[in-house]
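*Asks:* Fold the following.
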Amino acid sequence: MRALSLVILLAGYWALLSGQFHNGFLITCGVLCIAFVCWMASRMGLIDDEGAPARYYVGLLLYVPYIAWQVILANWDVLKRIWSSELAIDPRLTRIRHGTRAGFVTVTYANSITLTPGTVTMEVTETEMLVLSLTKEGEDGLIDGDMERRCKRLEGG
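*Replies:* Numbering: from 1, shown residues only. Just a heads-up that it's a prediction; the model follows:
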């Protein structure tokens, strides 16, 4: 099942990036490359729950629109702060406690923080993350915990 989910994921990614649906030669090359990558991943023991976390895929489909919207909002906020002299930029380092249990979810949460402009995850431990925020509002948004709650839904929490 994990191998099949990896094949589907790679095929979708290839189709999205290549846009080739009518050229038989390129489609054959894509299929051969996907088969080779899956064969190599299997030989290296990478098709496991960590390498192909299929149980998180459905939850990620619900999470991606949320994080995309957060990236748009954060971009807008940073743009306003750069162009306006009235809006303060007040950098701060904060330790944010988290309660994620699964490694995949913790990494998703840390990467989501870094993906949104104005915040960067600098260090991750078992119970907390060291985050650099450009503003107090950015820090408060992380302390509020909405992003963590949405990430924890991936692990069923």
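
*Asks:* In this protein, what residue spans correspond to strands?
*Replies:* 92-97, 119-124, 128-133 (DSSP state E).

*Asks:* Now do Ile96: how many residues are near it, please.
*Replies:* 20 (other C-beta atoms under 10 Å). Backbone N, C-alpha and C define where each C-beta goes, glycine included.

*Asks:* Enumerate every residue touching it.
*Replies:* By C-beta atoms under 8 Å, 6 or more residues apart in numbering, the contact set of Ile96 is 128-131, 142-143.

*Asks:* do the same with Asn111
*Replies:* By C-beta under 8 Å, 6+ apart, the residues touching Asn111 are Thr121.

*Asks:* just to revisit the earlier point, filter the contacts of Ile96 down to the buried ones, ChimeraX style.
*Replies:* Typed into ChimeraX, the line below selects the buried ones among the contacts of Ile96, using 16 or more other C-beta atoms under 10 Å:
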select :129,131,142
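
*Asks:* Quick check: of the contacts of Ile96, which lies closest to Glu155?
*Replies:* Met129 (16.4 Å; C-beta to C-beta).

*Asks:* Tell me who's in contact with that closest one.
*Replies:* Met129 neighbours (C-beta under 8 Å, 6+ apart): 95-96, 98, 109-110, 113, 121-123.

*Asks:* Output the contacts of Ile96 as a markdown table; include the columns pLDDT and distance to Arg43.
*Replies:* As requested, those are exported to a markdown table (pLDDT from 0 to 100; distance: C-beta to C-beta, whole Å):
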| residue | pLDDT | distance to Arg43 |
| --- | --- | --- |
| Glu128 | 94 | 37 |
| Met129 | 96 | 35 |
| Leu130 | 96 | 37 |
| Val131 | 96 | 38 |
| Leu142 | 91 | 41 |
| Ile143 | 91 | 45 |
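
*Asks:* Taking the contacts of Ile96 together, which two end up most distant?
*Replies:* For the contacts of Ile96, with distances taken as C-beta to C-beta, the pair at the greatest spread is Leu130 and Ile143 (13.6 Å).
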